[in-house]
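Student: below are the sequence and a predicted model for it; my questions follow.
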Amino acid sequence: MRWNCKAAKCGSCSAEVNGKPKLLCKTRMDALPLDQPIVVQPMKTFPIVKDLVTDVKWNYEVNKRIAPFTPKKDAEWKWMQEDIDRVQEFRKCIECFLCQDVCHVLRSHGRTDAFAGPRFLVRTAGLGCIPWIR
Amino acid sequence: MEVGPTGHYIMGGVRVDAETGAATVPGLFAAENPRAHARREPSGRQFLSDLLVHGMRAGAGAAAYAAKALAPGALDPAQVQTGEREMLEFFERPSGPDPYSVHRKLQDSMQALVGIFRTEGDLQQGIEAVQALRREAKTVRVEGSRAFNPGWHLAHDLRNMLIISEVVARCALQRKESRGAHARDRLSEPGPQARSGEQLLHAGGRGGQGGADSPTPDARRAPRAVRGARGVRQVLEETVADAVMHVFRGDASGGKLEEYKVPMEEGMVVLDAIHHIQAIWRRTSRCAGTARPPSAAPAPPK
């Protein structure tokens, strides 16, 4: 099982607990019904490596196909506070890929050939918020 | 981000001779640090020059000792055999606690009883708890191969961890004032011990009780035995209930859900439960922790 920060920041410990997408480091045992077995499974959408570890590198390959922010030459480097605030939420993604795991297009229909998944909608939305590449 | 206090510096060590760095144990050398007293706050800047100068002296002392003292075949074969036997005993016991649970109990005891603010009652209980764990550590059992077996390494390391823990607790009990990072009874002012900052403990030999020296006369007595209504271990082992976990185990060729029972503790997350289960995996798997297949593991000597 992958884990690292124990603080919901690194995105390593994604798994499915009682059929729901969860970070193992932040899923309290006492928040789960204890009168029945707690079922812990790996993310279903990605190829399994071993036990609770899956191979998520497809996501990094998709990311390479999205053009990163490249400022225009001689662009003015001034932001208004409201522009900065707008982009913050999109940049909070920790790339745990639980959203990709549950997206039915990827999970149930296997269309990794045709659809980037919600993580990358968030990424492109964040890029779209930067004023001078709009 | 979760933020918590952490230990980053021992604030103690071995007593050495100033010129050579030789300790009282023959053949042990350490770089002297004249500033490593409880009365000072630890400071990274100060110690770099000490490391270089005294490190070189200790190295030179060790080299001179080695050139004179070590001759081929000078190792005592009986000591080597004893060491080997003690290492292999962990595999040979038919039953016994696993090292991870003893380690966990040590962590809990030190955290609760020898923490940041120290009181006399807690420290005495802490010393008792550590002594009980020292007895338990002698009965620890591990499984698996000798190749990359972290449980086996821990079984061996436990002895040193327990000695250090007892030393820390005894020194804390003896020093009744607050000084530097050691805080007794809600920050009392530094007392008459102020003039000599050092405390010295010596071992009584293998299995011996040893003793504590201090320049101040009132600190020579051993801690009183405390008989409380509830032992420390009992308190630490109280659990609410067991949770039943079904965890997937397998790989691309297939797998299934395996059942595990995990004792519940306050604030526990699923990650903690998986770690507990991993400790069980290490105990029960034939090839604990190694990436090599079982047939490649070396057989233990007969």
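Tutor: On my side now, so go ahead. Note that this is a predicted model, so its numbers are computed, not measured. Numbers count the residues shown, from 1 in each chain, chains lettered A, B, ... in the order given.

Student: can you map out the strands along the stretch 101-250 of chain B?
Tutor: B:117-118, B:183-184, B:200-202, B:211-213, B:242-251 (DSSP state E, counting those that start in this stretch).

Student: surely A:F120 and A:R65 touch.
Tutor: No: the criterion here is C-beta atoms under 8 Å, and A:F120 misses it with A:R65 at 9.1 Å. Every C-beta, even on glycine, is put in place using the N, C-alpha and C of the backbone.

Student: write out the residues of the stretch 101-250 of chain B neighbouring chain A.
Tutor: B:A241, B:A243, B:V244, B:M245, B:H246, B:V247, B:F248, B:R249, B:G250 (C-beta under 8 Å from any C-beta of the partner chain).

Student: the nearest residue in space to the third one that is not next to it in sequence and B:K261, how far apart?
Tutor: Going back to what we said before, that points to B:V244. In space, and not counting its chain neighbours, B:V244 is closest to A:P37: 4.4 Å by C-beta to C-beta, 6 or more residues apart in numbering or on different chains. Distance of A:P37 to B:K261, given as C-beta to C-beta, to the nearest Å: 10 Å.

Student: local confidence estimate at residue 13?
Tutor: Just so you know, I chose chain A. At A:C13, the model reports a pLDDT of 95.

Student: switch to chain B, please.
Tutor: Looking at B:G13, its pLDDT stands at 75.

Student: before we move on, what about A:E61?
Tutor: Predicted confidence (pLDDT) for A:E61: 97.

Student: residues near it, how many?
Tutor: A:E61: 9 surrounding residues under other C-beta atoms under 10 Å in any protein chain shown.

Student: so is it in a helix, a strand, or just coil?
Tutor: Assigned by DSSP: H, G, I helix; E, B strand; the rest coil, the conformation of A:E61 is helix.

Student: quick revisit: for the residues of the stretch 101-250 of chain B next to chain A, pick the one with the most neighbours.
Tutor: Ranking those using other C-beta under 10 Å puts B:V247 first, with 25 neighbours.

Student: B:G61: neighbour count?
Tutor: The number of residues near B:G61, taken as other C-beta under 10 Å, comes to 19.

Student: would it count as being in a helix?
Tutor: Yes: assessed by three-state DSSP, B:G61 belongs to a helix.

Student: returning to what we had before: how about the residues of the stretch 101-250 of chain B next to chain A in a markdown table, adding pLDDT?
Tutor: Listed next are these as a markdown table, based on pLDDT from 0 to 100:
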| residue | pLDDT |
| --- | --- |
| B:A241 | 69 |
| B:A243 | 90 |
| B:V244 | 93 |
| B:M245 | 94 |
| B:H246 | 95 |
| B:V247 | 94 |
| B:F248 | 94 |
| B:R249 | 90 |
| B:G250 | 88 |
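
Student: up against chain B, what does chain A have?
Tutor: Residues of chain A lying near chain B (C-beta under 8 Å from any C-beta): A:1, A:3, A:5-7, A:9, A:13, A:15, A:17, A:22, A:24-30, A:32, A:34, A:36-42, A:47-52.

Student: ok, now with 6 Å
Tutor: Taking C-beta under 6 Å from any C-beta of the partner chain as the measure of proximity, chain A contacts chain B at A:1, A:3, A:7, A:13, A:17, A:24-25, A:27-29, A:34, A:37-42, A:48, A:50-51.

Student: among those, which ones are in strands?
Tutor: A:V17, A:I38, A:V39, A:V40, A:Q41, A:I48, A:K50 (DSSP state E).

Student: and of those, the nearest to A:W79?
Tutor: A:V17 (39.9 Å; C-beta to C-beta).

Student: can you pull the contacts of that closest one?
Tutor: A:V17 is in contact with A:T27, A:V40, B:V270, counting by C-beta atoms under 6 Å, 6 or more residues apart in numbering or on different chains.

Student: from A:R119, how far off is the second one?
Tutor: Applying C-beta to C-beta, one obtains 23 Å for the distance of A:V40 from A:R119.

Student: equivalent analysis for the first one, please.
Tutor: Per C-beta to C-beta, A:T27 is found 20 Å from A:R119.

Student: next one: B:N149
Tutor: Distance from B:N149 to A:R119, by C-beta to C-beta: 39 Å.

Student: flag the least confident of the ones in strands among the residues of chain A next to chain B.
Tutor: Minimum confidence in those sits at A:K50, scoring 88.

Student: give the closest residue to that residue in space, chain neighbours not counted.
Tutor: Counting by C-beta to C-beta, 6+ apart, the residue nearest A:K50 is B:D251, at 4.9 Å.

Student: may I have the beta-bridge partners of that neighbour?
Tutor: Beta-bridge pairing for B:D251 (DSSP bridges): B:G254.

Student: derive a ChimeraX selection command for the buried subset of the ones in strands among the residues of chain A next to chain B.
Tutor: For the buried members of these, the matching ChimeraX selection, counting by 16 or more other C-beta atoms under 10 Å in any protein chain shown, is:
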select /A:17,38,39,40,41,48
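
Student: who's more crowded, A:T27 and A:R119?
Tutor: A:T27 (22 against 19).

Student: what is the neighbour count of the residue nearest to A:K50?
Tutor: Applying other C-beta under 10 Å, we find 12 residues neighbouring B:D251.

Student: and it, how far is that from A:D55?
Tutor: Distance of B:D251 to A:D55, given as C-beta to C-beta: 11 Å.
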